[in-house]
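K.L.:
Got a predicted structure here, sequence first:
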Amino acid sequence: MNRLEGHAALVTGSTSGIGRGVAEAMAREGAIVIVTGLGPESGARIVDGIVAEGGVAHFVEADLSAGGSEIRRLAQEATALAGRPIDILVNNAAFLVPPHPMTESTEEQIDKVLEVNVKAPYLLTAALVPAMVEHGGGSVINMGSIGGVDGIKFTSLYGASKAGLHSLTRSWAAELAADGVRVNTVAPGPTLTEGNEDLRPLLEKLAEGNPDRRTGTVQDTAAAVIFLASDEASHIHGVLLPVDGGALAT
């Protein structure tokens, strides 16, 4: 039996990159997967690929910076398309800004990063958790970053947003464990995706100091998410699992 058979998963930001890899991996493990992000054409391609491999997936277009009404609509439509409560939520979507000195951050950048990286996961989790609890529990996995743990030059805004998400993981784990909802964080290090190939030299340079001396792959991160979503992690609450080649260990 596949590890996620009988579950319904919503993966935000899953039309590309790590989110796409997570959505595809969850479908291969038997979950009904709701793909969401901006761009119906991209979403349709992901869904078609999953279906072609024998999986079940649907797409909901949503702008996570648009506020509570949009996020509640996403939760409602995802649940309706799945035909059952969403019991796996992966808060993967993030707004990235190029590395820059903190004195050059604009208020617009600060607002957008916090809206997408902190506020949206907060509201979406709050919208879906009651049904998880009512139907016996579930798993919330926040996509963090080693940048939210270590101080990395010129990334203070993004790092602060991820540190906030890490904090939410711990608080929610303490709040929801007794109700059967597990909350954990996966924190990737420098990771190559199909969308950041132009950054390969920079990412490889960053990874040179890792104990395993290589950049991460989408598959590396997806495997960690699958484990935390599965029953194999049934006694794991509130952890931050680095997928970073040992960077945080040094």
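P.N.:
That came in fine, so what should we check first?
K.L.:
Not counting the helix or strand containing Gly19 itself, show me its contacts.
P.N.:
Element membership for Gly19, per DSSP states H and E: helix 17-28. By C-beta atoms under 8 Å, 6 or more residues apart in numbering, the surrounding residues in contact with helix 17-28 are 2, 4, 9, 11-14, 33, 35, 37, 46, 49-50, 53, 55-57, 88, 90, 92-93, 143, 188, 191, 193-196, 218-219, 221-223, 225-226, 229. The C-beta positions use only the backbone N, C-alpha and C, and glycine is treated the same way.
K.L.:
got it, and stretch 63-71?
P.N.:
12-13, 38, 62, 74, 93, 95, 112, 115-116, 120, 123-124, 127.
K.L.:
how far does the helix or strand where Asp48 lies sit from the chain's center?
P.N.:
According to DSSP H and E, Asp48 maps onto helix 40-52. Averaging C-alpha positions (C-alpha atoms, centre = their mean, to the nearest Å) puts helix 40-52 19 Å from its chain's average.
K.L.:
what comes up buried for that helix?
P.N.:
Within helix 40-52, the residues scored as buried using 16 or more other C-beta atoms under 10 Å are 42-43, 46-47, 50.
K.L.:
Tell me which helix or strand comes right after it.
P.N.:
strand 56-61.
K.L.:
Ends of stretch 240-250, what's the gap?
P.N.:
The straight-line separation of the ends of stretch 240-250 (C-alpha to C-alpha, to the nearest Å) is 16 Å.
K.L.:
avg pLDDT for it?
P.N.:
For stretch 240-250, mean pLDDT is 93.
K.L.:
ok so, going back, among the contacts of helix 17-28, which are in helices?
P.N.:
Of the contacts of helix 17-28, the ones assigned to helices by DSSP state H are 46, 49-50, 218-219, 221-223, 225-226, 229.
K.L.:
Stretch 30-43: end-to-end distance?
P.N.:
Across stretch 30-43, the terminal residues are separated by 19 Å (C-alpha to C-alpha).
K.L.:
Please spell out which residues along it are buried.
P.N.:
Residues 30-37, 42-43 are the ones in stretch 30-43 that count as buried (16+ other C-beta under 10 Å).
K.L.:
I'd say Ala44 and Phe59 touch.
P.N.:
Yes. Judged on C-beta atoms under 8 Å, Ala44 makes contact with Phe59 at a distance of 6.2 Å.
K.L.:
Grab the most central residue of this protein for me.
P.N.:
Asn92 (2.1 Å; C-alpha atoms, centre = their mean).
K.L.:
any idea of the pLDDT on that one?
P.N.:
Asn92 is given a pLDDT of 98.
K.L.:
thinking it is in contact with Thr12, fair?
P.N.:
Yes. Asn92 lies in contact with Thr12 (C-beta under 8 Å); the separation is 5.2 Å.
K.L.:
Quick check: mean pLDDT of the lengthiest strand in the chain?
P.N.:
Scanning the chain for the longest strand, with DSSP state E as the assignment, gives strand 181-188. For strand 181-188, mean pLDDT is 98.
K.L.:
Kindly report the same for stretch 27-35.
P.N.:
Mean predicted confidence for stretch 27-35 is 98.
K.L.:
how distant is the top helix by length along the chain from the center of its chain?
P.N.:
Across the chain, the helix with the greatest residue count (assigned by DSSP H) is helix 156-176. On the basis of C-alpha atoms, centre = their mean, helix 156-176 is displaced by 13 Å from the centre of the chain it belongs to.
K.L.:
Show me what counts as buried in it.
P.N.:
For helix 156-176, the buried set under the neighbour-count rule, 16+ other C-beta under 10 Å, comprises 156-166, 168-170, 172-173, 176.
K.L.:
thinking again about what came up before, point out the other elements, helices or strands, that the helix holding Asp48 touches.
P.N.:
Using 3 or more C-beta pairs under 8 Å, 6 or more residues apart in numbering; DSSP states H and E, the elements in contact with helix 40-52 are helix 17-28, strand 32-37, strand 56-61.
K.L.:
Could you verify my assumption that Arg3 touches Ala233?
P.N.:
No. Using C-beta under 8 Å, Arg3 is not in contact with Ala233, being 10.1 Å away.
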